[in-house]
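Visitor: Can you look at this prediction? I've put the sequence above it.
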Amino acid sequence: MFYEMADVNFSDQNFEAEVLKSAEPVVVDFWAEWCTPCRIVSPIIEELAEEYKGKVKVGKLNVDENPSVSGQFNVMSIPSILIFKDGMPVKTIIGAQAKDNFKRAIDEVLSS
Amino acid sequence: MYDVIIIGSGPAGLTAAIYTTRANLKTLVIAGGKWGGQLMLTTLVENYPGFPEGIDGPVLMENMKKQAEKHGAEILYQDFKKGDFSKAPFKIVTGEGEFEAKAVIIATGADTKWLDVPGEKEKIGRGVSSCAPCDAPFFRNKKVIVVGGGDSAMEEALVLTKFATSITLIHRGDSFRASEIMQKRVKEESKIKILFNTEIKEIMGENNVTGVRLFNNKTNKEEEMAIEGVFVAVGHIPNSKVFEGIDRDERGFIRVHDHYKTNIDGVFVAGDVHDAEYKQAVTAAGFGSAAALEAERWLENR
């Protein structure tokens, strides 16, 4: 198809440990199989994971398989990209975007 | 230096790229981060010739992109920021770089037009949506409203029948402008209720949508309706604002001078960014090929 899975997959089970308690900021791509615009974002997320290695954790969360986290953070449109810092969502980007929009948001979180 | 830079990657832009590359012109497509245009937000496209069973919008766009790449088009997934069209070669600035071209084809299409009512903007992505194929599953067992009277509104309503318990389709006019076949499908669907002469005045709710205030423009009566999702399909706005120095009409469509030319010599235009009339994938593709042929001719005769 259009993309491959990123290495890091978040879930209802590992979300607290991997995201909320993470020492570094975390970028979470909320996606689903049926969501076509998510196919645009997926390869960008993988590039970001590579570019921010060591500074930011980047991964995906399948909303169909993980309804609890999606509900908790009020995700009602995908792709939604949430950036977490110190256990809190600090940025929400809804819809497919250019890569530089994501980079700007991550850089702002890193410098805050 | 490119022979042609094409700004936009919907059917118009990618068709133009197929033609310019096959004319052996060095071509760069500024595809944007959100490439592919409006068809990326659709499901089955049934009126694009050559696919008797229909084809998924995103698959059609992926194929067009592959076809352009196969003939040598370079595709850049960055957003257009600004252009200097005051002298040749034209300068194009994106989020990450600067490029030069002898000729430019503008094919940036159009984006969702929102309702512009109180409570809408802050709830986009939290119950307000313009893309049922993207967001419909979040409205499983919920009540939703769809606004609009064209084919897109019909498609949104039909997609939602798979998930929502009830769909109210409202339109400010007293009849739909959608194609007969789409109207028929909507009218046959028991989950869809149709309200004509009806507009949304306000979208209520704190973090999520909890209801709407409806206004009947015939009786002048207002009523509130409890609802959890609002899908907006009232048309599109041409993406033309970013092009300084290029003439536009009062609605924002780029003005076309004979045969797909803008007011600037060497800058051409194709697709929904100038087309207020047809707005079809196939017409956009047709405009794209015509603009590419015009650009080719112009480069030859220079």
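Guide: Received the coordinates, thanks.

Visitor: Check chain A for the residue nearest chain B and tell me.
Guide: residue A:98 (2.4 Å; CB to the nearest CB). C-beta: built from backbone N, CA, C; applies to glycine.

Visitor: looking at it, that residue is touching residue B:31, isn't it?
Guide: No - under the criterion of CB atoms under 8 Å, residue A:98 makes no contact with residue B:31, lying 9.6 Å away.

Visitor: out of the two, which sits in the more crowded spot?
Guide: Ranked by neighbour count (other CB atoms under 10 Å in any protein chain shown), residue A:98 and residue B:31 place residue B:31 first, with 28 against 22.

Visitor: and the gap between residue B:262 and residue B:25?
Guide: Remark: distance between residue B:262 and residue B:25 (CB to CB, to the nearest Å) = 18 Å.

Visitor: what stretches of chain A score poorly on pLDDT?
Guide: Along chain A, segments meeting pLDDT under 70 span A:1-7.

Visitor: Those residues of it touching chain B, which are they?
Guide: A:2, A:32, A:34-37, A:39-40, A:44, A:63-64, A:74-78, A:80, A:92, A:94-101 (CB under 8 Å from any CB of the partner chain).

Visitor: make it 6 Å
Guide: Residues of chain A found near chain B (CB under 6 Å from any CB of the partner chain) are A:35-37, A:76-77, A:94, A:96-100.

Visitor: picking up where we left off before, nearest residue to the residue of chain A closest to chain B other than its sequence neighbours?
Guide: residue B:33 (2.4 Å; CB to CB, 6 or more residues apart in numbering or on different chains).

Visitor: How much space separates that neighbour from residue A:40?
Guide: From residue B:33 to residue A:40 the distance is 8 Å (CB to CB).

Visitor: neighbour-wise, which of the two wins?
Guide: residue A:40 (23 against 19).

Visitor: Quick check: residues of the stretch 101-250 of chain B near chain A?
Guide: Counting by CB under 6 Å from any CB, the stretch 101-250 of chain B sits next to chain A at B:125-127, B:129, B:134-135, B:138.

Visitor: Now chain B against chain A: closest residue?
Guide: For chain B, CB to the nearest CB, closest residue to chain A: residue B:33, 2.4 Å.

Visitor: Do you have the helices of chain B handy? List them.
Guide: B:11-22, B:57-70, B:132-135, B:151-160, B:180-188, B:281-301 (DSSP state H).

Visitor: Tell me which of those helices sits most buried.
Guide: The highest mean neighbour count among these, using mean count of other CB atoms under 10 Å in any protein chain shown, belongs to helix B:11-22: a mean of 29.

Visitor: can you give me the angle that helix makes with helix B:281-301?
Guide: 40 degrees (axes from the mean of the first three to the mean of the last three CA atoms, to 10 degrees).

Visitor: So what's the residue count around the residue nearest to residue A:59 when sequence neighbours are not counted?
Guide: The shortest distance from residue A:59 to any non-neighbouring residue, by CB to CB, 6+ apart, is to residue A:8 (3.0 Å). Residue A:8 has 19 neighbours, counted by other CB under 10 Å.

Visitor: ditto for the one 5 residues further on
Guide: Around residue A:13 sit 11 other residues, with neighbours defined as other CB under 10 Å.

Visitor: shaky segments in chain B?
Guide: Scanning chain B residue by residue, none of them satisfies pLDDT under 70.

Visitor: okay, now the domains of it?
Guide: Per the record, chain B has its domains at B:2-111+B:237-301, B:121-232, by automatic domain parsing.

Visitor: who wins for proximity to residue A:69 among those?
Guide: Closest to residue A:69 of these is domain B:121-232 (CB to CB; 13.7 Å).

Visitor: what distance separates the start and the end of the closest one?
Guide: 12 Å (CA to CA, to the nearest Å).

Visitor: Stretch B:161-181 now?
Guide: So stretch B:161-181: terminal residues 17 Å apart, CA to CA.

Visitor: Same check on stretch B:199-209?
Guide: OK, stretch B:199-209 end separation, CA to CA: 16 Å.

Visitor: List of residues touching that stretch?
Guide: B:115, B:117-120, B:123, B:126-127, B:172, B:210-213, B:215, B:228, B:230 (CB atoms under 6 Å, 6 or more residues apart in numbering or on different chains).

Visitor: give the contact list for the residue nearest to residue A:98.
Guide: A:97-99, B:77, B:79.

Visitor: swap the cut-off to 8 Å and go again
Guide: A:40, A:44, A:96-101, B:77-79, B:95 (CB atoms under 8 Å, 6 or more residues apart in numbering or on different chains).

Visitor: center of chain A, which residue is that?
Guide: Residue closest to the average C-alpha location in chain A (CA atoms, centre = their mean): residue A:28, at 1.7 Å.

Visitor: Mind telling me what element that one is part of?
Guide: strand A:26-31 (DSSP states H and E).

Visitor: Perfect, that will be all.
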